[in-house]
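> Following is a predicted model, sequence given first.
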Amino acid sequence: MPDTQLKRRIGPGLLTAYGVGVMVGAGIYVLVGAVAAQAGIFAPLAFLLAGLVAAPTALSYAEFSTRLPRAAGEALYVAQGFRIDALALIVGLAIVVAGGISAAAVLRGGAGYLQLVIAIPPEWAMIGIGLLLISVAIIGVLESLALAALFTVIEVAGLALVIWAGMKAPVSPDLVLPAMTPDLTGPILTGIVSGAVLAFFAFIGFEDIVNMAEEVRDPARTLPRAILWSLAITALLYGGVTWVAVRAVPMDILMTSERPLALVWQAGQGGEARFLSAIAVVAALNGVLAQIVMAARVLYGLGERHAALAMFHRAHPRFGTPAVATALIGAAVIVTALVLPVATLAGATSFVLLSVFVLVNLALILLKRRAPSAPFRVPMLVPVAGLVLSAMALGASILH
């Protein structure tokens, strides 16, 4: 009989670093300009609003993670809440697909950044990076998360340098706050809300933490803390980066730039800021590795509960990782990155995940009514708010 047990090797520090690394991806290197185009000098407020929208759903995940600390978390949550196995399977497979699509988009984007650092054909870059990360993911979860933690440290250090440079730059003439409180019932509010819809996608990733549950030591304590700490750290980073961007760069330039953080560095320190391209490559590597690791655990968890996927519920006898699932997910990521453009890859990811957020919050509402007690509990208002806010974000993403 093949070994089906994963090894519990992950502590709170590595798990928090994993969560931060999933959220703080290469997207922040381009997203600031897009949010500023909607919210203007109030872009930091748009990021704050996005973090507040994400917080109730993160708390719902935190409670669920202690009730059902298993791989393929969202599928199990929906199964327990709705008592509909078919819906749970659909949710689980949707998470796998969304993770694979996201990883493929980041892999393709990372290969593009790599070309700014060294001369290499993008196809070979995608294949080489993909195979390297698949190998790391199979060798061990501790090794995977340790490498992801190193990547996260580099990312955070890069963003901290950008904040430092931005604070030394001259203040942009656009940063003149209204003498009175702005009219939040007019175009300013509309811009902030539109910016928050874009910024919300930068917080997606905290949900990946729950799929590591079967490899976490003391999951009832570690999972909620890692979810909340990673969200808080990410929100602080985003707020700081966005603040220095609107502080240092004239708005007409910031709104149209695809490299807004490089503009911040140039405003404060001068030079081409080529090191930011290298850090963006590291961010891409981190994002790809995190999504491969997550999607493989979801497929592993689904294999335990659905006979048709049983071949994926196997752990490598030496490494204690879901090697078959990891290899399949990794290969699919490479092929998808090679054949589809980034816009096509990224388009469906947020829609799928926001739909899952709606279902998870509703499932927790139903489950709390039947079984109120849990190792970590949040008030009923939390999943209700998460449901409403996620549904609003989903609707806004469809209309946007």
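Looks like it arrived, so ask away. This structure is a prediction, so every number in the text was calculated from the model and none was measured.
> worst-scoring helix or strand of the chain, pLDDT-wise?
Across the helices and strands of the chain, the lowest-confidence element by mean pLDDT, DSSP states H and E is helix 342-347, at a mean of 51.
> and the helix or strand harbouring Arg247, what other elements does it pack with?
Arg247 belongs to helix 219-248 when assigned by DSSP states H and E. Helix 219-248 makes packing contacts with helix 12-23, helix 28-39, helix 43-67, helix 141-168, helix 260-269 when contacts are defined by 3 or more Cβ pairs under 8 Å, 6 or more residues apart in numbering; DSSP states H and E. In this view, the C-beta of every residue, glycine as well, is placed from N, C-alpha and C.
> ok, back up a step: check which element follows the least confident helix or strand of the chain along the chain.
With DSSP H and E setting the assignment, the helix or strand that follows helix 342-347 is helix 349-370.
> Now that next one: average pLDDT?
When pLDDT is averaged over helix 349-370, the result is 88.
> Model confidence score at Ala165, please.
pLDDT, read off for Ala165, is 90.
> That one reaches Gly270, doesn't it?
No: counting by Cβ atoms under 8 Å, Ala165 stays clear of Gly270, with 9.5 Å between them.
> Now tell me which of the helices and strands packed on helix 219-248 the model trusts least on average.
Among these, helix 28-39 carries the lowest mean pLDDT (a mean of 77).
> Which secondary structure elements does it sit against?
Contacts of helix 28-39 with other secondary structure elements, assessed using 3+ Cβ pairs under 8 Å, 6+ apart, are made with helix 43-67, helix 187-200, helix 219-248, helix 251-254, helix 260-269, helix 274-305.
> now with 6 Å?
Applying 3 or more Cβ pairs under 6 Å, 6 or more residues apart in numbering; DSSP states H and E, one finds that helix 28-39 contacts helix 43-67, helix 187-200, helix 260-269.
> What angle do helix 187-200 and that helix make with each other?
Calculated by axes from the mean of the first three to the mean of the last three Cα atoms, to 10 degrees, helix 28-39 forms an angle of 160 degrees with helix 187-200.
> buried stuff in helix 28-39?
Buried residues in helix 28-39, counting neighbours by 16 or more other Cβ atoms under 10 Å, are found at Ile28, Tyr29, Leu31, Val32, Gly33, Ala34, Val35, Ala36, Ala37, Gln38, Ala39.
> Roughly how far does the fifth one sit from Ala98?
The reference is to Gly33. Per Cβ to Cβ, to the nearest Å, Gly33 is found 25 Å from Ala98.
> same question, the last one
Using Cβ to Cβ, we find Ala39 at a distance of 27 Å from Ala98.
> circling back: next one: the helix holding Arg247 to chain centre, how far?
Helix 219-248 sits 11 Å away from the centroid of its parent chain (Cα atoms, centre = their mean, to the nearest Å).
> I'd guessed Trp229 sits against Leu15; true?
No: under the criterion of Cβ atoms under 6 Å, Trp229 is not in contact with Leu15, lying 9.1 Å apart.
> which of those two has more neighbours?
In terms of neighbours (other Cβ atoms under 10 Å), Leu15 is the more surrounded of Trp229 and Leu15; the figures are 26 against 18.
> So what's the residue count around the residue nearest to the more buried one when sequence neighbours are not counted?
Leaving aside its sequence neighbours, Leu15 sits nearest to Ala226 (Cβ to Cβ, 6 or more residues apart in numbering; 4.0 Å). Counted with other Cβ under 10 Å, the burial measure for Ala226 works out to 29 neighbours.
> isn't Ala226 right up against Thr16?
Yes: in this structure Ala226 lies within contact range of Thr16 using Cβ under 6 Å: 4.6 Å.
> ok, the closest residue to Ile227 other than its chain neighbours - contacts?
For Ile227, ignoring the flanking residues on the chain, the nearest one in space by Cβ to Cβ, 6+ apart is Ala62 at 4.8 Å. The contact partners of Ala62, taken as Cβ atoms under 6 Å, 6 or more residues apart in numbering, are Pro224, Ile227, Phe376.
> Nearest to Ser135 among these?
Checking these against Ser135 by Cβ to Cβ gives Ile227 as the nearest, at 28.4 Å.
> From Ile209, how far out is that closest one?
5 Å.
> now do Leu52
Note on Leu52: its distance to Ile209, by Cβ to Cβ, is 19 Å.
> Pick out whichever of those two has more residues nearby.
When neighbours are counted by other Cβ under 10 Å, Ile209 comes out ahead of the other of Leu52 and Ile209, with 28 against 15.
> Ala226 is in contact with that one, correct?
Yes: look at Ile209 against Ala226 with Cβ under 6 Å: they come within range, at 5.4 Å.
> what sits in contact with each of those two?
With Cβ under 6 Å, 6+ apart applied, the overlap between the contact sets of Ile209 and Ala226 consists of Gly19.
> need the contact list for Ile227.
Residues near Ile227 by Cβ under 6 Å, 6+ apart: Ala58, Tyr61, Ala62, Phe206, Ile209.
> What residues does Val249 make contact with?
Contacts here follow Cβ under 6 Å, 6+ apart; on that basis Val249 touches Leu263, Ala267.
> Ala323 too?
Ile138, His316.
> Distance check, it against Ile334.
16 Å.
> do Phe203 as well
When Cβ to Cβ is applied, the distance between Phe203 and Ile334 equals 27 Å.
> try Ala226
The value you get for Ala226 to Ile334, if Cβ to Cβ is used, is 29 Å.
> go on, Val216?
Val216 is 28 Å from Ile334, where distance means Cβ to Cβ.
> any idea what sits nearest Ala385, other than its immediate chain neighbours?
Leaving out its chain neighbours, Ala385 is closest to Pro56 (Cβ to Cβ, 6+ apart), at 4.2 Å.
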